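[1] Structure for the following, please:
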Amino acid sequence: MKVTVKMGAPLSQVIGEKKVILSMPDGATLADVLGELGAHYPDFEEGLKGKGLRKPFDRILYSLFVNARPVALEQAGETALADGDRISLFLPVAGG
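    Residues are numbered from 1 along each chain as shown. This is a model prediction of the structure:
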């Protein structure tokens, strides 16, 4: 199955891709996709922690979405994917 992963800045700048299409085995989870991205892009894990920001953190900052629905990072291993799913990784937005 194929899934599309879209990444916001600065993660997209750190790994050099805004959008990636991955071929994954049937039954793959969101955690499998994150692992695959980490295997293909050496700076992916650090990018999730804010590499490229003024002050990187020791935890993952990015929000995860599957088909525009938010998914908690803790549920990535339980979130089964289907062919054509769209995964997005973006920094949370705050403002006032």
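
[2] K6 touches A68, doesn't it?
    No - look at K6 against A68 with CB atoms under 8 Å: they stay out of range, at 10.8 Å. (C-beta placed from N, C-alpha, C; glycine too.)

[3] neighbour-wise, which of the two wins?
    Shown here are K6 and A68; by other CB atoms under 10 Å, K6 has more neighbours (15 against 7).

[4] list the helices and strands the helix or strand bottoming out on mean pLDDT in the chain packs on?
    In the chain, no helix or strand scores lower on mean pLDDT, DSSP states H and E than helix 44-48, which sits at a mean of 89. Here helix 44-48 touches helix 11-15, helix 30-40, going by 3 or more CB pairs under 8 Å, 6 or more residues apart in numbering; DSSP states H and E.

[5] Rounded mean pLDDT for the last one, please.
    Helix 30-40 shows a mean pLDDT of 96.

[6] same for that helix, what does it pack against?
    Using 3+ CB pairs under 8 Å, 6+ apart: helix 30-40 touches strand 2-7, strand 19-23, helix 44-48.

[7] again, but for the first one
    The contact analysis (3+ CB pairs under 8 Å, 6+ apart) places helix 11-15 against helix 44-48.

[8] Report the distance from the helix it packs on to the chain centre.
    In terms of CA atoms, centre = their mean, to the nearest Å, the gap separating the centre of helix 44-48 from the centre of its chain is 9 Å.

[9] C-alpha coordinates for that helix, CSV please?
    Only the C-alpha atoms of helix 44-48 are listed here, as CSV (Å, rounded to 0.1, in the frame of the first residue of the first chain):
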residue,chain,number,x,y,z
PHE,A,44,14.2,12.8,11.0
GLU,A,45,14.2,11.9,14.7
GLU,A,46,16.0,15.1,15.7
GLY,A,47,13.8,17.0,13.3
LEU,A,48,10.7,15.8,15.2
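
[10] So the closest residue to S23 other than its chain neighbours versus A31, what's the distance?
    The shortest distance from S23 to any non-neighbouring residue, by CB to CB, 6 or more residues apart in numbering, is to K2 (5.6 Å). Separation of K2 from A31 (CB to CB, to the nearest Å): 18 Å.

[11] Tell me which of those two has more neighbours.
    A31 (14 against 10).

[12] Cool, thanks, signing off.
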